[in-house]
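Novice: I'd like to go over a predicted model; first the sequence, then the structure.
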Amino acid sequence: MSDARLQVPRGTRDFYPEDLRRREWLFGHFRAAARRFGFEEVDAPVLEHEELFTRKAGEEILEQLYHFELHGRRLALRPEMTPSIARMVMARSGSLRFPLRWFTVTQNWRYERMTRGRKREHYQWNMDIWGETSVTAEAELIAAVFDLLDALGLAHRDVKIRISSRALLEETLRNTILADRPEAFPGLCVAIDKHEKIGEDAVRDLLTDSDGPVGLGEDDARFVISWLGLRKVEDAARHVPPDSRAFADLQRLFNLLDTYGLADRVVFDASIVRGLAYYTGIVFEAFDADRKLRALCGGGRYDRLIESLGGSAIPAVGFGFGDVVIGELLSDKKLLPEPPRQLDAVVFPFGDDERAAAIRVANALRRERQWSIELVLGTPRLRRVLADAHRAGARFLYVLGPDELSRGEMLIRDLDSGEQTTEPIPN
RNA sequence: GUGGGCGUAGCUCAGCUGGUUAGAGCGCCAGGUUGUGGUCCUGGAGGCCGGGGGUUCGACUCCCCUCGCCCACCCCA
């Protein structure tokens, strides 16, 4: 107990059978929702070249990278899935037919301090659409999130998605305070993403830090922060031309979501900017209605990621949805199930004289019916076997004792009704 | 990193202001005559009381250190 070698590393989890059943229940919903939206599942190694993740915008996610050097190669455990998928798309961009709808359910790693809803190892459902520039893609993704939440049993009003547009912010700033140095924009986004967590004053300090990536004046910083407080698309679009693409996209997205029947579950919130540097357009995050927990998921449009990796431009939009926060929410709402073991039957030979026949019975049931069969090992008492079979949730118990065997039969007990029948032992 | 709380049986915990053989519930194991169930009854195994040091005639109990966990803050997808 006090031996550190015998404990899981901090921030990681063991999954015992009941834990894994619950995890697979959640993953099953991830996959089912993805398939309802026509997405295909892909996978990639948990280990990548560190360079795949290296970006220069002061993102915390990269400072928290699990990384090491081995035989002169710098490797890292993936902190998120998007770069790996971008790599896969890039490698076959010449032969893939777009738009692509790909999803993953993967383990991701980040070295960070532990709090509620944050672990160092967690699983994430990732959904991406590649090769589509219109916000019809964003609308599908947001609809998929709600589709999942509904399937999990959450109430209509339990979760809201907040939506904003980095493109709208970028246009606004290009027309104003970043007119002569647009390259500062990603760093600015990373800084103001912290706004809700560290407060306006701290963000102002970050933005005005002359040694920092942004280096704004006081008035400019105040302008940026005041923009974040806006909750109406029209207000946020005040500093862009009437024909602004970003403005039009936002309006169209909300119109589309209305058509999906999601109008009362989404809201514009200019303070959503996301902490990753690569986002370029619409960004969004899902929150529990009580705002007790961290974001359930987050995503957005990243049209230039593949370009930045050296490929040709392929527009993309996606989100990541972690298993930890949704687990907290479902637990709070008493919606976490305790899925039973899936066992069709237990086959019980009384002793070694009956074992050969029992093995034939188990073989037949496994092969012909594809049943899940637990063949009793050793020679416990029938009483014990019945209790165990009951507890395991088995539907039938096949009993092969001396009496049955002498008649070439086996006893089949229905564990729900208690009814018993006999059948010939298969050859 | 800061503050607070907690480490006693596999799990959840109780052990009053220090007092001798450390408890409960659940779980586990075994029985309750021959081969029949989540109940019931009986019995049992299992704890260097997280670790180390100190105070004391005596420490699960008090003090210090240390490790671990939880919560909040801080930080951040």
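Specialist: On my side now, so go ahead.
Novice: tell me how far the ends of stretch A:328-344 are from each other?
Specialist: 32 Å (C-alpha to C-alpha, to the nearest Å).
Novice: identify each buried residue in the helix or strand where residue A:171 lies, please.
Specialist: Secondary structure from DSSP states H and E places residue A:171 in helix A:166-174. Of the residues in helix A:166-174, A:166-174 count as buried by neighbour count, 16 or more other C-beta atoms under 10 Å. Quick note: C-beta positions are derived from backbone N, CA and C, even for glycine.
Novice: same deal with stretch A:16-28?
Specialist: A:21-23, A:26.
Novice: report the entries of these that also contact RNA strand B.
Specialist: Checked against RNA strand B using C-beta under 7 Å from any atom of the strand, these give no members in range.
Novice: so which strand or helix has residue A:185?
Specialist: Using DSSP H and E, residue A:185 falls in helix A:185-192.
Novice: next helix or strand past that helix?
Specialist: helix A:195-208.
Novice: what's the angle from that following helix to helix A:185-192?
Specialist: Angle of helix A:195-208 versus helix A:185-192, following axes from the mean of the first three to the mean of the last three C-alpha atoms, to 10 degrees, is 130 degrees.
Novice: now do the buried residues in helix A:195-208.
Specialist: For helix A:195-208, the neighbour count (16+ other C-beta under 10 Å) marks A:195, A:200, A:203-204, A:206-208 as buried.
Novice: export those to JSON lines and tack on distance to residue A:83 and pLDDT?
Specialist: Shown next, in JSON lines, are the buried residues of helix A:195-208 (distance: C-beta to C-beta, whole Å; pLDDT from 0 to 100):
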{"residue": "A:195", "distance to residue A:83": "25", "pLDDT": "72"}
{"residue": "A:200", "distance to residue A:83": "32", "pLDDT": "71"}
{"residue": "A:203", "distance to residue A:83": "27", "pLDDT": "75"}
{"residue": "A:204", "distance to residue A:83": "31", "pLDDT": "75"}
{"residue": "A:206", "distance to residue A:83": "25", "pLDDT": "75"}
{"residue": "A:207", "distance to residue A:83": "27", "pLDDT": "78"}
{"residue": "A:208", "distance to residue A:83": "31", "pLDDT": "75"}
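Novice: ok, so of those, who is nearest RNA strand B?
Specialist: residue A:206 (7.7 Å; C-beta to the nearest atom of the strand).
Novice: nearest spatial neighbour of that closest one, chain-adjacent residues omitted?
Specialist: The shortest distance from residue A:206 to any non-neighbouring residue, by C-beta to C-beta, 6 or more residues apart in numbering, is to residue A:191 (4.4 Å).
Novice: tally of neighbours for that neighbour?
Specialist: For residue A:191, the neighbour count with other C-beta atoms under 10 Å is 28.
Novice: thought it was touching residue A:208?
Specialist: No - with contact defined as C-beta atoms under 8 Å, residue A:191 does not count as touching residue A:208 (10.1 Å).
Novice: quick one: residue A:223 is in a helix?
Specialist: Yes - Residue A:223 sits within a helix when classified using DSSP: H, G, I helix; E, B strand; the rest coil.
Novice: distance of it relative to RNA strand B?
Specialist: Distance of residue A:223 to RNA strand B, given as C-beta to the nearest atom of the strand, to the nearest Å: 21 Å.
Novice: follow-up on the earlier one: any chance of JSON lines for the buried residues of stretch A:16-28, columns secondary structure?
Specialist: Shown next, in JSON lines, are the buried residues of stretch A:16-28 (three-state DSSP):
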{"residue": "A:21", "secondary structure": "helix"}
{"residue": "A:22", "secondary structure": "helix"}
{"residue": "A:23", "secondary structure": "helix"}
{"residue": "A:26", "secondary structure": "helix"}
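Novice: center of chain A, which residue is that?
Specialist: Nearest to the mean C-alpha position of chain A, by C-alpha atoms, centre = their mean, lies residue A:125 at 2.3 Å.
Novice: for it, which residues count as its bridge partners?
Specialist: With DSSP bridges as the criterion, residue A:125 is bridged to residue A:105, residue A:321.
Novice: can you tell me how far it is from RNA strand B?
Specialist: From residue A:125 to RNA strand B the distance is 11 Å (C-beta to the nearest atom of the strand).
Novice: for that residue, give me the pLDDT.
Specialist: Note on residue A:125: pLDDT of 96.
Novice: cool, residue A:328 as well?
Specialist: With respect to pLDDT, residue A:328 scores 85.
Novice: what's the burial count for it?
Specialist: Residue A:328 has 17 neighbouring residues, counting by other C-beta under 10 Å.
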